[in-house]
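Visitor: Predicted coordinates and the sequence they were generated for:
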Amino acid sequence: MADHYDTDIATTTLHSFSAARERVIIAAMVVFGLIVRLPGIANHGLFYDDAWPAMVAHVGWRSAVAMSPTDPGFAIVERVWLHVTPAGSWVRFFLPLTAGVFAIFVAWWLGRTYGFGPRARIGLVALIAMSPEAIECSVRLKEYSTDLVLAMVILILVERVRRFERPGETALLAAAGSASCLVSLLLAPIVLGGWTALLVRSRGSSSRTRPLAAGALVTSFILLAEGWWSLRHTPTGLSQQWVSGKHLVDLVHHANWAPSTILLVIGGTVHGFFGLPMPAPHPFPTVLAAGSMRWIAVEALVALIVVGWCSTPALRELRGREGAPELIAPLAGILTTAAACCCGFIPLGTGRTELVLLPGIGLLLVHGLRRLRVAARMADRTAAICAI
Amino acid sequence: MLVFASAAWVHRAWYPAQDVRAVITSLHLHGDRAVAVAVARANTFTYVDEGIGPSVIHVSNHDPRGARQGVWVDLTGPRTLSEHLATKTGVVSPPLTSLPASVTTLWVIGTTTEVASPSDYHCAPGACTVALSSPLNEAVLLAGWKPTGQIRTAPGVYAMAYGRRSPARGVPKE
């Protein structure tokens, strides 16, 4: 099957971007990413939100899994890791740090799989290397930097299934998607979004739909079983805490909080991904300053317009017109995650849980920048200056 | 790109360390029978992880003491109390009334605003050293203890000394 990609931006420009130059810039990004992450490595005791998950190393296997209903697979890995590393030592952070730095490489692979040119790939790599939330989660013991890597791997596998339509790729996506969700249930919307996008794209062709439907069915069955188990083991107070903190929508008991919760979710996400200010009084950060909501509302509106505009090629494709079919899966992942938040399943805007959305949003944004560049008929030099 | 790189540099990684071991070491307890320690819930997990003293970890999603994480900790060392989420019997285990009359000083080990969640709020060096009050501090006051003004600090944590209001009432004899 022929590729659906638009002509690569690099081939439309007069001066091609050499592979050597790209390698040097990517290497510089990796080094920069490492430099901004290293200051978070500490020899002190774990802070509260790292210390309580670390209890998995001090209890038996069954208790460790039971106290990690949303990330049982990661808890097992973490339990082993904490057993072999000394308490109060910087060595413990090697695991999340490795995942955080590895994510920068995977971002390059993601851009390559999605047919991006060298400049667009560099943009995607920069986003993962420099996003404040990705930086911070690289030095926290929880699963979020691993989630970031796995979210990108899932998007890569989805795109490979769409491109090559080989049964082997479909089986690999089913296996990797299910396994990823066992590592962390936060990845479920990304996996489900990927399958939805593939099924939507294959409608009208039963030979293409059949293996995809089988893969989606197997994955959904595993996800349902894990979701049921997770809901049974999740402490009741946890959801209430996220709802009262305005990170989770509760349409049944607190429907009137929904508008402000949605604004805070978007504001928190933009703050985490791009470091935009989130006004809060000093020194206690969980109480917003008066007038903050107006600022957050403006941020949220701008974010929605930008992401909406960047999504138009995917929407055009869904309406049967020529667009960008590769963007349907990232968009579906974002929408499924947003729906999961609105249905009270996944808290967002917390500074960590929404990290699984960063690759999808990155793909949309970088694709949008490519469109802007083509539309503005920007020369190489102008584009480089604008980028810098 | 430059703006984004600058933002990344401003938001470069940091760790909100909770040095519970350092602050407890600074108290020079050495088995002093007149001194007890009450550890705030936010510090109990670090206490266990660092192996500072004996403990029992409970895992249950239905017990109110584990209401958010499904896990809580009892510190079982001599004259060592731990805070948990509120139940009908209070927030401290074992109860403050179980401390013998010979205990005249109680150190409450709490956290500072530096380690308050969300953890992405990065305080400037030296800022955010304000002591966070937890239900434990209130329970100690209600149980007839008063602050003596002695405070020790370490990154992310503080130890605040309380003495008994005299005469001590309702406390078991040793």
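Guide: Looks like it came in fine.
Visitor: show me where pLDDT drops low in the chain?
Guide: No chain specified, so I'll use chain A. A:1-16, A:278-291, A:378-381, A:383-388 (pLDDT under 70).
Visitor: nope, chain B please
Guide: B:117-127, B:166-174.
Visitor: Do a quick rundown of the helices in it.
Guide: Along chain B, counting by DSSP state H, helices occupy B:2-10, B:20-25, B:41-49, B:135-142.
Visitor: can I get those in CSV with mean neighbour count and distance to residue A:25?
Guide: From N, CA and C alone the C-beta is placed, and that goes for glycine too. Listed next are the helices of chain B as CSV, based on neighbours: other CB atoms under 10 Å in any protein chain shown; distance: least, CB to CB, whole Å:
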stretch, mean neighbour count, distance to residue A:25
helix B:2-10, 14, 12
helix B:20-25, 22, 43
helix B:41-49, 27, 40
helix B:135-142, 17, 52
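Visitor: Dump these into a markdown table; add distance to chain A as well.
Guide: Converted to a markdown table, those look like this (distance: least, CB to the nearest CB, whole Å):
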| stretch | distance to chain A |
| --- | --- |
| helix B:2-10 | 4 |
| helix B:20-25 | 5 |
| helix B:41-49 | 4 |
| helix B:135-142 | 14 |
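Visitor: For residue A:226, find the nearest of those.
Guide: Comparison of these against residue A:226 by CB to CB identifies helix B:41-49 as nearest, at 25.8 Å.
Visitor: helices and strands around the closest one, which ones?
Guide: helix A:48-51, helix B:20-25, strand B:55-59, strand B:71-75, strand B:80-87, strand B:105-111 (3 or more CB pairs under 8 Å, 6 or more residues apart in numbering or on different chains; DSSP states H and E).
Visitor: Kindly export the second one (C-alpha atoms) in CSV.
Guide: What that stands for is helix B:20-25. The C-alpha trace of helix B:20-25 is given here as CSV (Å, rounded to 0.1, in the frame of the first residue of the first chain):
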residue,chain,number,x,y,z
VAL,B,20,13.3,12.7,57.8
ARG,B,21,16.4,10.9,58.8
ALA,B,22,18.4,14.1,59.1
VAL,B,23,15.8,15.9,61.3
ILE,B,24,15.4,12.8,63.6
THR,B,25,19.2,12.4,63.9
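Visitor: mind listing what the residue lying closest to residue A:254 once chain neighbours are set aside touches?
Guide: For residue A:254, ignoring the flanking residues on the chain, the nearest one in space by CB to CB, 6 or more residues apart in numbering or on different chains is residue A:243 at 5.9 Å. Counting by CB atoms under 8 Å, 6 or more residues apart in numbering or on different chains, residue A:243 touches A:249, A:250, A:253, A:254, A:257, A:261, A:344.
Visitor: any chance of the residues you listed in TSV, plus distance to residue B:96 and neighbour count?
Guide: Output for the contacts of residue A:243, formatted as TSV (distance: CB to CB, whole Å; neighbours: other CB atoms under 10 Å in any protein chain shown):
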residue	distance to residue B:96	neighbour count
A:249	40	26
A:250	36	18
A:253	35	10
A:254	36	16
A:257	37	17
A:261	38	24
A:344	38	17
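Visitor: So stretch A:85-101, near chain B or not?
Guide: Yes. Between stretch A:85-101 and chain B, judged by CB under 8 Å from any CB of the partner chain, the touching residues are A:87, A:88, A:93.
Visitor: All the helices of the stretch 201-350 of chain A, in order from the start?
Guide: Under the criterion DSSP state H, counting those that start in this stretch, the stretch 201-350 of chain A contains helices at A:206-233, A:236-244, A:258-274, A:292-318, A:328-342.
Visitor: hmm, who's touching the last one?
Guide: By CB under 8 Å, 6+ apart, the list of residues contacting helix A:328-342 from outside reads A:151, A:155, A:158-159, A:162, A:188-190, A:192-194, A:196-198, A:200-201, A:248-249, A:251, A:258, A:262, A:265, A:307, A:311, A:314-315, A:317-318, A:346-348, A:354, A:356-357, A:359-361, A:363-364.
Visitor: roughly how far is it from the heart of the chain?
Guide: In terms of CA atoms, centre = their mean, to the nearest Å, the centre of helix A:328-342 is set 11 Å apart from its chain centre.
Visitor: need the residues of the stretch 51-200 of chain A near chain B, please.
Guide: A:51-52, A:54-55, A:57-59, A:63, A:66-67, A:69, A:87-88, A:93, A:126-127, A:129-133, A:135-136, A:138-140.
Visitor: Point out the ones among the residues you listed that are inside strands.
Guide: Among those, the subset assigned to strands under DSSP state E is empty.
Visitor: So how do I select the buried members of those in ChimeraX?
Guide: ChimeraX command restricting these to the buried ones, with burial defined by 16 or more other CB atoms under 10 Å in any protein chain shown:
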select /A:51,52,54,55,57,58,59,63,66,67,69,87,88,93,126,127,129,130,131,132,133,135,136,138,139,140
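Visitor: I'd like to know which of the helices of chain B lies nearest to residue B:113.
Guide: Closest among the helices of chain B, using CB to CB: helix B:41-49, at 11.5 Å.
Visitor: ok and that closest one relative to strand B:55-59, angle-wise?
Guide: Interaxial angle, helix B:41-49 versus strand B:55-59 (axes from the mean of the first three to the mean of the last three CA atoms, to 10 degrees): 110 degrees.
Visitor: who touches helix B:41-49?
Guide: Helix B:41-49 is contacted from outside by A:45-48, A:51-52, A:54-55, A:57-58, A:87, B:18, B:20, B:39, B:53, B:55, B:57, B:71-73, B:75, B:82-85, B:109-111, B:115, B:132, B:134, B:136, B:157, using CB under 8 Å, 6+ apart.
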